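**Q** Okay, predicted coordinates and the sequence, questions at the end:
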Amino acid sequence: MNDDKTVSSMHSLLSDGSLYHRAPPHLRARVLAGLSRKSRRPPWFSWRNLAIDRAQAWAGGGLAGIAASALVFGALGLVQPSRTSMLGEEILSSHVRSLLSQHPVDVVSTDQHTVKPWFNGRLDYAPPVVDLVAQGFPLAGGRVDYVGHRPVAVLIYRYQQHPIDLYVFPAAGSPSAPVAYSADGYSMARWHQNGMNFWAITDAQPEHLNLFVRAARTGQGN
């Protein structure tokens, strides 16, 4: 049945009083007003349209949420480890390999004047070698290892029965702040001095490594 015809019939019934029970005037006015509003509703309006509108709104919100999530996870995916942390992992691996090796020292000597010249021709720089025996850290020798995409000097010191590997190589970029930390049961420290980067690692206690770093920095002139 056409909505306009239904509304017209209801208007007639309410107006001429042919309903069995005449509605009170105020109620009849409210019903007529409601029917008038309904007659003004656009012909294309339906509950199906409303349902479609709500579904589209929900879908739009869902897609927006998915897009936002993709942006967040995409940003997380762009986060890369810093060069310093990657270098620290390389040095840790290098130190562990040396402990497992049958020849962890290439040149065995407690004399800095023997160890330092040994690096000539093996590296494109001259690593500083200091004698720390008076501070309780005797020199045991040195070796060449490969970290950070280049050959580097490794000086081997000892604290009692604990080897301390000191990696020395030219600094690239701006100097980094001194840091000491533990990783996988090893104590590690790094600092920048006189144009060189120093990384020290040992299985000794952190307080013993701190004493070594202090002695090494003093021996280098700072």
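**A** Okay, I see it.
**Q** When you work out contacts or count neighbours from here on, use the C-alpha atoms and nothing else.
**A** Will do.
**Q** so after the one helix or strand in the chain whose mean pLDDT sits lowest, what's the next helix or strand?
**A** Among the helices and strands of the chain, helix 47-77 carries the lowest confidence by mean pLDDT, DSSP states H and E, at a mean of 45. Sequence-wise, the next helix or strand downstream of helix 47-77 (DSSP states H and E) is helix 83-100.
**Q** which outside residues touch that following helix?
**A** The contact list for helix 83-100, computed with Cα atoms under 8 Å, 6 or more residues apart in numbering, reads 104, 145, 147-148, 165, 199, 201.
**Q** cool, stretch 107-121 as well?
**A** Against stretch 107-121 from outside (Cα under 8 Å, 6+ apart): 126-131, 138-144, 153.
**Q** Among the contacts of helix 83-100, name the ones in strands.
**A** In this view, the contacts of helix 83-100 that belong to strands under DSSP state E are 145, 147, 165, 199, 201.
**Q** residues contacting the second one?
**A** Right, the one you point to is residue 147. Shown in contact with residue 147 (Cα under 8 Å, 6+ apart): 87, 90-91, 94.
**Q** hmm, 7 Å instead?
**A** Listed by Cα atoms under 7 Å, 6 or more residues apart in numbering, the contact set of residue 147 reads 90-91.
**Q** Tell me the confidence at it?
**A** Model confidence at residue 147, given as pLDDT, is 94.
**Q** did I read that right, residue 181 in a strand?
**A** Yes: using DSSP: H, G, I helix; E, B strand; the rest coil, the assignment for residue 181 is a strand.
**Q** Setting aside sequence neighbours, what's the nearest residue to it?
**A** Spatial nearest neighbour of residue 181, excluding adjacent residues (Cα to Cα, 6 or more residues apart in numbering): residue 188 at 5.4 Å.
**Q** wait, isn't that neighbour in contact with residue 167?
**A** No: using Cα atoms under 7 Å, residue 188 makes no contact with residue 167, being 11.0 Å away.
**Q** and for those two, which residues touch both?
**A** Joint contacts of residue 188 and residue 167 (Cα under 7 Å, 6+ apart) are residue 200.
**Q** ok, back up a step: for the ones in strands among the contacts of helix 83-100, could you give me a markdown table that also reports distance to residue 108?
**A** A markdown table is the format used below for these (distance: Cα to Cα, whole Å):
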| residue | distance to residue 108 |
| --- | --- |
| 145 | 15 |
| 147 | 21 |
| 165 | 14 |
| 199 | 20 |
| 201 | 19 |
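**Q** Show me the chain divided up by domain.
**A** 3-77, 83-219 (automatic domain parsing).
**Q** sec struct for residue 154, please.
**A** Assigned state for residue 154: strand (three-state reduction, three-state DSSP).
**Q** Contacts only, for residue 154.
**A** Counting by Cα under 7 Å, 6+ apart, residue 154 touches 142-145, 165-168.
**Q** Helix, strand or coil: sort out residue 114 for me.
**A** Of the three states, residue 114 takes helix according to three-state DSSP.
**Q** separation between it and residue 129?
**A** The gap separating residue 114 from residue 129 is 10 Å, by Cα to Cα, to the nearest Å.
**Q** That concludes my questions; thank you for your assistance.
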